[in-house]
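Participant: pasted the sequence and its predicted model underneath.
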4 protein chains.
Amino acid sequence: MNNTDYKVADISLAELGRKQIEIAEKEMPGLMAIRDKHAVEKPLKGVNIMGSLHMTVQTAVLIETLTALGANVRWASCNIFSTQDEAAAAIAKAGIPVFAWKGETLEEYWWCTERALDFSDEKYSKEGLPGAAERSLGPQMIVDDGGDATMMIHKGVEIEKEPSLLEKDYTRESTEMQIFMKKLKEAYEAHPTRWQEVAKQVKGVSEETTTGVHRLYQLHKEGKLLFPAINVNDSVTKSKFDNVYGCRHSIIDGLNRAMDVMIGGKTAVVCGYGDVGKGCAQALAGQGARVIVTEIDPICALQAMMEGYEVTTVEDTLGRADIYVTATGNTDIITLDHMKKMKDQAIVCNIG
Amino acid sequence: MNNTDYKVADISLAELGRKQIEIAEKEMPGLMAIRDKHAVEKPLKGVNIMGSLHMTVQTAVLIETLTALGANVRWASCNIFSTQDEAAAAIAKAGIPVFAWKGETLEEYWWCTERALDFSDEKYSKEGLPGAAERSLGPQMIVDDGGDATMMIHKGVEIEKEPSLLEKDYTRESTEMQIFMKKLKEAYEAHPTRWQEVAKQVKGVSEETTTGVHRLYQLHKEGKLLFPAINVNDSVTKSKFDNVYGCRHSIIDGLNRAMDVMIGGKTAVVCGYGDVGKGCAQALAGQGARVIVTEIDPICALQAMMEGYEVTTVEDTLGRADIYVTATGNTDIITLDHMKKMKDQAIVCNIG
Amino acid sequence: MNNTDYKVADISLAELGRKQIEIAEKEMPGLMAIRDKHAVEKPLKGVNIMGSLHMTVQTAVLIETLTALGANVRWASCNIFSTQDEAAAAIAKAGIPVFAWKGETLEEYWWCTERALDFSDEKYSKEGLPGAAERSLGPQMIVDDGGDATMMIHKGVEIEKEPSLLEKDYTRESTEMQIFMKKLKEAYEAHPTRWQEVAKQVKGVSEETTTGVHRLYQLHKEGKLLFPAINVNDSVTKSKFDNVYGCRHSIIDGLNRAMDVMIGGKTAVVCGYGDVGKGCAQALAGQGARVIVTEIDPICALQAMMEGYEVTTVEDTLGRADIYVTATGNTDIITLDHMKKMKDQAIVCNIG
Amino acid sequence: MNNTDYKVADISLAELGRKQIEIAEKEMPGLMAIRDKHAVEKPLKGVNIMGSLHMTVQTAVLIETLTALGANVRWASCNIFSTQDEAAAAIAKAGIPVFAWKGETLEEYWWCTERALDFSDEKYSKEGLPGAAERSLGPQMIVDDGGDATMMIHKGVEIEKEPSLLEKDYTRESTEMQIFMKKLKEAYEAHPTRWQEVAKQVKGVSEETTTGVHRLYQLHKEGKLLFPAINVNDSVTKSKFDNVYGCRHSIIDGLNRAMDVMIGGKTAVVCGYGDVGKGCAQALAGQGARVIVTEIDPICALQAMMEGYEVTTVEDTLGRADIYVTATGNTDIITLDHMKKMKDQAIVCNIG
């Protein structure tokens, strides 16, 4: 390992992170069974895998499963706040290049993503896929959560084919877009064919989110998708478990840590009664909240009624509800105008 | 057995009743354990026990437990509609004097109660309590449910001491009161000291209902209670089990049999969140109803809120609720005026 | 109306049935909205519709909706026990040919089905579909629930093309098969091309059950399906509502009416955690039963675990469970051998 | 204010604490209503109140309510770990003497308690109760949670009457007892009649815990209770709300913060089904855990069964449960021997 090939908040947290990883391993028997089954055979030997996914303790177990199966892994988080610094430290300490810390700036975020996509280091060229004629600059596989790694490559290729895109005026675009284009400009100047080389070598990307999958379908429809994509988001083990039960867990945990108010006896409005909303409503009711559901899909609205929840509009709840949880995947569910009519100290949060 | 010392709807139902009793015995391990423990010793040998309690299959198991322990039992129902005719038939067939059928008139009801209180038959005098100097005209023990047997004895004694009560004008009293006084008049004419003799021999009465217990406390306060009374109603196994879980069962069963409409998805108002209301609310929620609670006790109202139910007034629910369940033990919870403002086909029922 | 063109248990029940139908109409706003919207236009004017579906109060609302839209309807039940005689009487009284009563023999059952399929009466020929060149012997549309009407037509056609089928030895087949073939033989002898004429005129059948749909897919695969079929069974409003919430209602109702034992505190095993099993488990838990689930599908088994149910095998529950509910749609879930090891008085039932 | 008359972890946390206090005020309408009603009249004017109760944000609202009503308040925590340092800082900043921080040593703990009991400062003597002939050395009222303040005064008085107690050998007693006696020795040497003077001025103590109340009843029985005590613990708003719903909230919050594992799908054993156990079981089930209850009280055990929980012994669950929650108020519920037989990584916690 190149000891400096990582960037984390505090490497001294590695020991704490390792303990948490060991606890998490017991909670993740699926991944551990894969290690048991394939650790000898190493089916991912020499494969470059890049991840853009929350750098948490649980992700650490995934990363170490990939390396146990032989992969060369490089990792960044897909969110500037979600990294557990002790998990990142433990991964770095284990010799796996990781670029993630809690509280990244947007500049840092895209720097991390770019670093994680760069497999140009000598090491990887030696252990390339059997029969590889050339060293692999980037990943052969991407674990994407929100599509940022995929977007960086696609946008990079677009620029390399049409460099004038870099000269456009982005001052009226979002700050993030300006930062993103600046990063791509630097990359283009350093290596004007990098992303085309990288894209050619990618065998596929797996995408976890509704938003990311939506982007991918759009690229595919426009004929611009540069490599195969796997829709993880819509698998039953994601939608009927992660969405329902994962959110059933985290809605309570999140409310407690953020607000420290008792949920029992409060009136909670769950906006959207899809898989995520179903899990949230169950959890809030399980803590003794009175749950009201808002939903525009008639089937889901009927389901909410049949489960005994009041079903109405957001407008109708203003002034009588204490907690609002948006679980729709859409924007403008709760507006400023809504907020002005809410009870004092009403809690508004989003999940999913 | 004197084969004619009973009155039931149809003695040919005895076999069906017996089968149901055998099933119920398995559901009532407490009583069966008492039989096992005491059947040899027969601690109730020769004791006259009268019951005024719903003549159902479950009561049949109680009756036969008392006889297995040696008691002479006579039984009437405490409600003109609640008798299960097959259970009454099986008890009659087993040689136990029972006077009960589904759909008694008020005249018949008080006739049955009087018959069940009459232990003057030869048989009982021979098997009296050890050392009894005289035969027992009436019961030594009463199992009362609503206090009607107790009231008959007390009112009978009052009349025997003040016969002019019989001459009073009862035409402005309820029909039931008029029928009741007529019955007592017949009894007085036949045997002018009967109830005093009976009262003297009663060792005690157990009372199951809030109403019956209330009457007993009042008699006691006025110094008029003629024999000891046991408040069964307020024991924890009654209030926290029969009231909560018995009603949790029967609210659903009753609604289904009476109305045959789906409960799920409906809005149900539970008036009163005491033990009975708690059981009802849980059952209705368990069937997918949206439950609203009305409650005047602040502690119980807070409990309803903490369980996630909307808590409001009956008035506030009119027009938006489908089912009303009164579980307060009081009158005038739902008024005619309320009913006029309810949704078409709203269901109104009472429990407890 | 030809006053004799029906067969029900007791026509004098019509008034009672009508009252129940009027109550049910309020519970079925979907159908009533269709009546409101299309009663003037009568889009089903002159269409012959045959139903083979439980002749209940709710079905009566469906039947009268079809007639309100202009259809000629003839009806039989799809089950020998499920007819509500008051509902059948009300439909007959309303002049709609219905052939159904509670407790049919198998001979009677197939007679009813055949009668409901016979639209040869003068009346229908006059009000045929606009432009119909010939009168319609049978239905243009079938509402099938279990596929019996569809099977009668298909088997009838098969026999007309290959009459020697009638001469085969069916003595080793099920009693029902023998009765069914006898019925078809009579039909063939009376009118040797009847079913071919009927089949030609059928525009389509809707099928409600998993079993019926399965039969239809098989016929289609073998190229033998004689007319289009609509799979109602797999629509979301069936599987996610009727299956889940309908069964949540009827499992409790059925247990109460059949057994009259308290469900709370008992251990109930739900075999199969599909939509039906999910509804049953929720209902039983809502009544205070401890629910154990058996399931061979790993996704559904995991869902049961995530809902907090014990998940194990039927074998593991023998001797400790009080109620068994099979909700799999398969046979041999509970075997004789299982039953021998169950607790005394364990309840075994099937739903779905 | 004497600016140095407090000891907290970090006074700069005061602003953060103030924000949290402002949020909590909205969640505590009862206390705020008392402020509104009595702030002008100030019925506690000049009363010295000492608290030994978790120094949290919610307690801060209580403290400031007491001061708003005119009291002189001094505060310590009743637990070495439970202080929220930002709450303590905000209280100190508001000029109220508070002695509490997260992570006190046992020496520090008893130092804090003693400091909070010392009202000898000049200020208090001037604002004494109307008509007070002498300044009050200690509190007139104590808010105790676990009985430590009460014990300090009682033990102090005992020593003053029998100083030889200080010379006894405590080396075989618990470390805490040794530290406690050392503290009392210092107090005795500084002011040999202090606790007797203090005790004489105490008008009463309110006690919140089962343990504390138990100690008080014992003192009372032995004729040693030096001032009146109010049993807050057994009021319905404590036992049926704080115990049930407070624990329903905090069991989930505590498990999440300490262990960060998903509760859904796990098997959780709740030891004890009193008020605390009832709340825990409901919360765990509401998160999708399978709940098993152990209980020695037959009424509570039956209630657990009637709610659908498996009821068994701790021994029977070893090896198949993931989480153990003791909610009995007793020791030795979970033993080392039990732990040896648990699943790897089983979680063991206590609440109540």
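Facilitator: Everything's here; your move. Owing to the predicted nature of the structure, the values given are computational and were not obtained by experimental measurement.
Participant: got the contact list for the closest residue to residue A:216 other than its chain neighbours?
Facilitator: Nearest residue to residue A:216, sequence neighbours excluded (CB to CB, 6 or more residues apart in numbering or on different chains): residue A:229, at 4.6 Å. C-beta coordinates here come from the backbone N, C-alpha and C atoms, glycine included. The neighbours of residue A:229, taking CB atoms under 8 Å, 6 or more residues apart in numbering or on different chains as the test, are A:150, A:204, A:205, A:206, A:207, A:216, A:220.
Participant: report the buried residues of the helix or strand hosting the first one.
Facilitator: The one in question is residue A:150. Assigned by DSSP states H and E, residue A:150 falls within helix A:148-161. Neighbour-count burial for helix A:148-161, counted by 16 or more other CB atoms under 10 Å in any protein chain shown, picks out A:148, A:149, A:150, A:151, A:152, A:153, A:154, A:155, A:156, A:157, A:159, A:160.
Participant: quick check: nearest residue in space to the fifth one, chain neighbours excluded?
Facilitator: Take residue A:152 and drop its neighbours on the chain: the residue closest to it by CB to CB, 6+ apart is residue A:113, 5.9 Å away.
Participant: coming back round to it: how close does the residue nearest to residue A:216 sit to chain B?
Facilitator: Distance, residue A:229 to chain B, using CB to the nearest CB, to the nearest Å: 40 Å.
Participant: all strands in the stretch 1-150 of chain A, in order from the N-terminus.
Facilitator: Under the criterion DSSP state E, counting those that start in this stretch, the stretch 1-150 of chain A carries strands at the ranges A:48-52, A:72-76, A:98-99, A:141-144.
Participant: scratch that, the stretch 251-352 of chain A is what I was asking about
Facilitator: Assigned by DSSP E, counting those that start in this stretch, the strands in the stretch 251-352 of chain A fall at A:267-271, A:290-294, A:310-311, A:323-326, A:347-350.
Participant: residues contacting the residue nearest to residue A:204 when sequence neighbours are not counted?
Facilitator: Computed as CB to CB, 6+ apart, the closest residue to residue A:204 that is not its neighbour in sequence is residue A:228, at 4.3 Å. Going by CB under 8 Å, 6+ apart, residue A:228 touches A:203, A:204, A:205.
Participant: next one: residue A:55
Facilitator: Applying CB under 8 Å, 6+ apart to residue A:55 gives the contacts A:75, A:76, A:77, A:82, A:83, A:84, A:87, A:88, A:91, A:98, A:100.
Participant: now neighbour count too, for these, in TSV please.
Facilitator: Output for the contacts of residue A:55, formatted as TSV (neighbours: other CB atoms under 10 Å in any protein chain shown):
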residue	neighbour count
A:75	28
A:76	29
A:77	29
A:82	16
A:83	26
A:84	25
A:87	29
A:88	33
A:91	28
A:98	31
A:100	36
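Participant: so where's the stretch 201-350 of chain A uncertain?
Facilitator: Applying pLDDT under 70 to the stretch 201-350 of chain A picks out no residues at all.
Participant: near chain C, which residues of it show up?
Facilitator: Within reach of chain C by CB under 8 Å from any CB of the partner chain, the stretch 201-350 of chain A has these residues: A:236, A:237, A:240, A:241, A:244, A:245, A:299, A:302, A:303, A:306.
Participant: filter the residues you listed down to just the ones in helices.
Facilitator: Mapping those onto helices (DSSP state H) picks out A:236, A:237, A:299, A:302, A:303, A:306.
Participant: roughly how far does residue A:99 sit from residue A:115?
Facilitator: Residue A:99 sits 5 Å away from residue A:115, going by CB to CB, to the nearest Å.
Participant: was I right to think residue A:324 contacts residue A:341?
Facilitator: No - with contact defined as CB atoms under 8 Å, residue A:324 does not reach residue A:341; the gap is 11.7 Å.
Participant: out of the two, which sits in the more crowded spot?
Facilitator: Higher neighbour count among residue A:324 and residue A:341: residue A:324, with 25 against 12, using other CB atoms under 10 Å in any protein chain shown.
Participant: let me see the backbone angles for residue A:170.
Facilitator: In terms of degrees, to the nearest 10, the main-chain angles of residue A:170 are phi -100, psi 10.
Participant: dump the residue contacts of it.
Facilitator: By CB under 8 Å, 6+ apart, the contact list for residue A:170 reads A:177, A:178, A:181.
Participant: same thing but 10 Å
Facilitator: Residues in contact with residue A:170 (CB atoms under 10 Å, 6 or more residues apart in numbering or on different chains) are A:177, A:178, A:179, A:180, A:181, A:182.
Participant: how many neighbouring residues does the first one have?
Facilitator: Neighbour count of residue A:177, defined by other CB under 10 Å: 13.
Participant: leaving out the residues flanking it, which one is nearest to it?
Facilitator: Spatial nearest neighbour of residue A:177, excluding adjacent residues (CB to CB, 6+ apart): residue A:170 at 5.7 Å.
Participant: that older thread, who touches both of residue A:99 and residue A:115?
Facilitator: Residues touching both residue A:99 and residue A:115 by CB under 10 Å, 6+ apart: A:5, A:6, A:7, A:74, A:75, A:76.
Participant: so what's the third one bridging to?
Facilitator: To tie it back to what came earlier, the one meant is residue A:7. Beta-bridge pairing for residue A:7 (DSSP bridges): residue A:99.
Participant: you'd agree it is up against residue A:101?
Facilitator: Yes - using CB atoms under 10 Å, residue A:7 is in contact with residue A:101, at 7.2 Å.
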